[in-house]
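# Attaching a predicted model along with its sequence, questions to come.
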Amino acid sequence: MMKRLMAGILLIMMAGCASVEESDAGAAKPKPDLVFLGTVQSIESSTSPQSLANWVVTFRVDRIQSGEFGGKTFSFRIHSPSKSGLETGKQYLVEATRTNTGYTVDQYQWMKRTHNQAVLPIAASAAQADR
């Protein structure tokens with residue numbers, strides 16, 4: 001399990017996939033460079049020195065809505081799974097902003113939206129994909 005987790009973290013670091021930064025409530029929200037519909041595959045504990053974001057969330061990328069991303073999964077660190085509102089097996093709309101090292105993801109974006117905007121029933125999203 002630990003080897004798999006470390007390999008996953010190494011892949012995240014090598015791909016420059018994502019980092020988490022809290023957004024400043026007073027600052028203008030930048031337009032996301034990447035928006036995708038994804039299903040949470042896993043939320044795993046992973047301590048990181050000098051970081052309070054000790055959980056790694058891995059999404060299966062179901063559909064890109066805007067931007068470009070060639071991977072099948074997208075992972076990023078969060079501080080607290082319960083505070084982020086993410087649950088394994090559920091589908092969410094993910095917004096990410098490109099940085100020099102990967103992407104920045106607001107780990108609380110799902111809590112800022114209404115329930116219907118954040119969590120998408122799999123059957124409904126599959127029907128939308130067929131259109």
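The structure has been received and is ready for your questions.
# Just give the nearest non-adjacent residue to Asn54, would you?
Counting by C-beta to C-beta, 6 or more residues apart in numbering, the nearest residue to Asn54 once its immediate chain neighbours are dropped is Thr47, at 5.0 Å. Just so you know, the C-beta spots here come from the backbone N, C-alpha and C atoms, and that holds for glycine as well.
# Hmm, Ala53 and that neighbour touching each other?
No: at 9.8 Å, Thr47 does not count as touching Ala53 under the criterion of C-beta atoms under 8 Å.
# the more surrounded of those two?
Neighbours of Thr47 and Ala53, each counted by other C-beta atoms under 10 Å, are more numerous for Ala53; the result is 19 against 8.
# Tell me how far that one lies from Arg63.
Distance from Ala53 to Arg63, counting by C-beta to C-beta, to the nearest Å: 26 Å.
# Could you do Gly38 as well?
Remark: distance between Gly38 and Arg63 (C-beta to C-beta) = 8 Å.
# more crowded one of those two?
Using other C-beta under 10 Å, the more surrounded residue of Gly38 and Arg63 is Gly38, with 21 against 14.
# Please name the nearest non-neighbouring residue to the more buried one.
Spatially, and ignoring its direct neighbours in sequence, Gly38 is nearest to Phe59 (3.5 Å; C-beta to C-beta, 6+ apart).
# Just the element for that neighbour, please.
Per DSSP states H and E: Phe59 is located in strand 55-66.
# Which neighbouring elements make contact with the helix or strand following that strand?
Next helix or strand after strand 55-66 toward the C-terminus (DSSP H and E): strand 73-78. Here strand 73-78 touches helix 2-15, strand 19-20, strand 34-45, strand 55-66, strand 91-99, strand 102-105, going by 3 or more C-beta pairs under 8 Å, 6 or more residues apart in numbering; DSSP states H and E.
# who does strand 73-78 pair up with?
If you go by DSSP bridges, strand 73-78 pairs up with strand 55-66 (antiparallel).
# Residue ranges in this protein under the pLDDT threshold?
Within the chain, the ranges that satisfy pLDDT under 70 run 1-30, 114-131.
# neighbours around Asn100, how many?
5.
# for it, what are its contacts?
Applying C-beta atoms under 8 Å, 6 or more residues apart in numbering to Asn100 gives no contacts.
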